[in-house]
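>>> Provide a 3D model corresponding to the input given below.
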Amino acid sequence: MKKILLILMAMILSTGILQAAPGAPPVEYEKGVVVFVGPLDQSMQKQYQMAKGELVSIQLTSGPEAGKVVDTFNFVSERSAYEIRVKTGDKVIVAVSHDLGKISYHVSDFDRFDYVYILSGLFVLVLVVFGGFIGAKSVLVIAFSMVVIFKFFIGQVLASQYSLTLLTLVVSAVIAIATQIVVSGLSKKSLAAVLGTIGGVAVAGLLSMLSVKLMHLTGLDSEEAMLLKASVLSYIDFQGVLFAGMVFGALGAVMDVTISIASAVYEVRSVHPSISFKELVQAGMNVGRDIMGTMSNTLILAYAGSSLPLMLLIASQQNAPMLKILNLNLIVTEIARALTGSIGLICAIPLTAIITATLLKRD
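Okay, here's the model as predicted:
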């Protein structure tokens, strides 16, 4: 779900124009820097008599009016979670509206994406510096995964031409194959990791499908999903989107586990060429058991971290009936998401150990 919002946001930022509701004045979005924050001038005091706020002067840094300093009223109630409190030097997104020949400017949000570029650059630098050639290849597979999801998968979801279940599994298989082959090369080790990943993701996918059906999960477990359902994407199968989110959430962890198991079994076979099939499987399982607890905990903690506000909400409702709270669609969705991924990850361990031992013993 968040991926859909991200691609929509990228489309908005690339065009600079957000589609307004029918009949509403057109709105453009430009970048700016706050140069002054202070009390309202006399004209604004007359215009906004009953509202609390402040005068904000912004120098536009993009668009046809770049360099121009504009004044705007910034509403401040000190009670709303959605108000934007700015100070001099802040980078902001300015909504520029045209209504009856009059241009008005409003602070729409903070301009945060420059810092995203900095973090992304730091991430790539750390990967390459400490990972060397393998780190550089990791950057390539990450970029490939993002392109496949954002350009292909999201496009197909919006087009609604194919089954989301089939589409999700195909995309997962493509990402798994590309990742393992690019990082580890063409080898039996990579083949075993790919097959183990596909098996683990298939288990997670099957459980996710059953969870969505048997638990009557709607996929409308967030404000964003409900907003999309009520407005621009009412035709989308949000249960299918929920299924895709569960599978993609488990995919990365499963790939990590499978290549670790396949590499361990491969190294044992290299050191002891005469080792038996059973001993190879046992070696893979021994490594897998060590990985199992930490990786499952990683998935649970990742979902718990993203659901921290939800957990705080539950903890604060001391007098609310737990029977009702624990059966909420939002709660059960997060639990199912974490557990299905963890089960798929655990099942990938024996699958990968058996497949790797089989491929190596055929030598």
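
>>> now the strands for this structure?
Assigned by DSSP state E, the chain shows strands spanning 17-18, 27-38, 53-60, 69-75, 91-99, 102-110.

>>> Now render the ones you listed as JSON lines, adding mean pLDDT and distance to Ile355.
(C-beta placed from N, C-alpha, C; glycine too.) Shown next, in JSON lines, are the strands of the chain (pLDDT from 0 to 100; distance: least, CB to CB, whole Å):
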{"stretch": "strand 17-18", "mean pLDDT": "38", "distance to Ile355": "49"}
{"stretch": "strand 27-38", "mean pLDDT": "89", "distance to Ile355": "51"}
{"stretch": "strand 53-60", "mean pLDDT": "87", "distance to Ile355": "59"}
{"stretch": "strand 69-75", "mean pLDDT": "85", "distance to Ile355": "60"}
{"stretch": "strand 91-99", "mean pLDDT": "87", "distance to Ile355": "50"}
{"stretch": "strand 102-110", "mean pLDDT": "86", "distance to Ile355": "49"}
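
>>> could these go into a markdown table alongside distance to Ser138 and mean neighbour count?
Shown next, in a markdown table, are the strands of the chain (distance: least, CB to CB, whole Å; neighbours: other CB atoms under 10 Å):
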| stretch | distance to Ser138 | mean neighbour count |
| --- | --- | --- |
| strand 17-18 | 35 | 14 |
| strand 27-38 | 32 | 18 |
| strand 53-60 | 39 | 19 |
| strand 69-75 | 43 | 17 |
| strand 91-99 | 31 | 18 |
| strand 102-110 | 31 | 15 |
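
>>> Which of the ones you listed sits closest to Thr218?
Closest of these to Thr218 is strand 17-18, at 27.4 Å (criterion: CB to CB).

>>> what's the spacing between the closest residue to Ile103 other than its chain neighbours and Ile58?
Ranked by CB to CB, 6 or more residues apart in numbering and with sequence neighbours excluded, the top spatial neighbour of Ile103 is Val96, at 6.5 Å. Relative to Ile58, Val96 is positioned 11 Å away (CB to CB, to the nearest Å).

>>> residues shared between the contacts of these two?
Counting by CB atoms under 8 Å, 6 or more residues apart in numbering, the residues touching both Val96 and Ile58 are Tyr105.

>>> circling back: reformat the strands of the chain as TSV; add distance to Val174.
Shown next, in TSV, are those (distance: least, CB to CB, whole Å):
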stretch	distance to Val174
strand 17-18	33
strand 27-38	34
strand 53-60	43
strand 69-75	47
strand 91-99	35
strand 102-110	35
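
>>> I'd like to know which of these lies nearest to Thr165.
strand 17-18 (32.3 Å).

>>> and Ile346, what does it touch?
Met292, Ser296.

>>> From Val96, how far out is it?
53 Å.

>>> If Gly32 is in a bridge, with which residues?
Leu60, Val92 (DSSP bridges).

>>> Could you double-check that it lies in contact with Ser57?
No. Counting by CB atoms under 8 Å, Ser57 is not a contact partner of Gly32; they are 9.7 Å apart.

>>> Show me whatever sits in contact with both of the two.
Counting by CB under 8 Å, 6+ apart, the residues touching both Gly32 and Ser57 are Val70.

>>> returning to what we had before: out of the strands of the chain, the one nearest Met255 is which?
Using CB to CB, the strands of the chain put strand 102-110 closest to Met255, at 34.6 Å.

>>> show me where the stretch 101-250 of the chain has helices.
Taking DSSP state H, counting those that start in this stretch as the test, the helices found in the stretch 101-250 of the chain are 113-147, 154-159, 164-184, 188-214, 223-230, 238-271.

>>> Against which helices or strands is the first one packed?
In this case it means helix 113-147. helix 164-184 (3 or more CB pairs under 8 Å, 6 or more residues apart in numbering; DSSP states H and E).

>>> Next: the second one.
Applying 3+ CB pairs under 8 Å, 6+ apart, one finds that helix 154-159 makes contact with helix 2-15, helix 164-184, helix 238-271.

>>> same question, the fourth one
Packed against helix 188-214, as judged by 3+ CB pairs under 8 Å, 6+ apart, are the following elements: helix 164-184, helix 238-271, helix 329-361.

>>> out of those, nearest to Leu191?
Using CB to CB, the helices and strands packed on helix 188-214 put helix 329-361 closest to Leu191, at 6.4 Å.

>>> mind listing what the residue nearest to Val76 when sequence neighbours are not counted touches?
Leaving aside its chain neighbours, Val76 sits nearest to Gly53 (5.1 Å; criterion: CB to CB, 6+ apart). When contacts are counted by CB under 8 Å, 6+ apart, Gly53 touches Leu40, Phe73, Asn74, Phe75, Val76.

>>> Look up how far Ala192 lies from Gly53.
Taken as CB to CB, the span from Gly53 to Ala192 is 63 Å.

>>> So what are the structural domains in this structure, by residue number?
Following automatic domain parsing, the chain resolves into domains at 25-111, 112-157, 162-361.

>>> any idea how far the first one is from the chain center?
On the basis of CA atoms, centre = their mean, to the nearest Å, the separation between the geometric centre of domain 25-111 and that of its chain is 30 Å.

>>> same deal with the second one?
The chain centroid and the centroid of domain 112-157 are separated by 13 Å, computed with CA atoms, centre = their mean.

>>> Adding distance to Glu65, write the contacts of Gly53 out as TSV.
Shown next, in TSV, are those (distance: CB to CB, whole Å):
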residue	distance to Glu65
Leu40	23
Phe73	18
Asn74	19
Phe75	23
Val76	25
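
>>> thinking again about what came up before, Thr358: which of the helices of the stretch 101-250 of the chain is closest?
Taking the helices of the stretch 101-250 of the chain one by one with CB to CB, helix 188-214 is closest: 8.3 Å.
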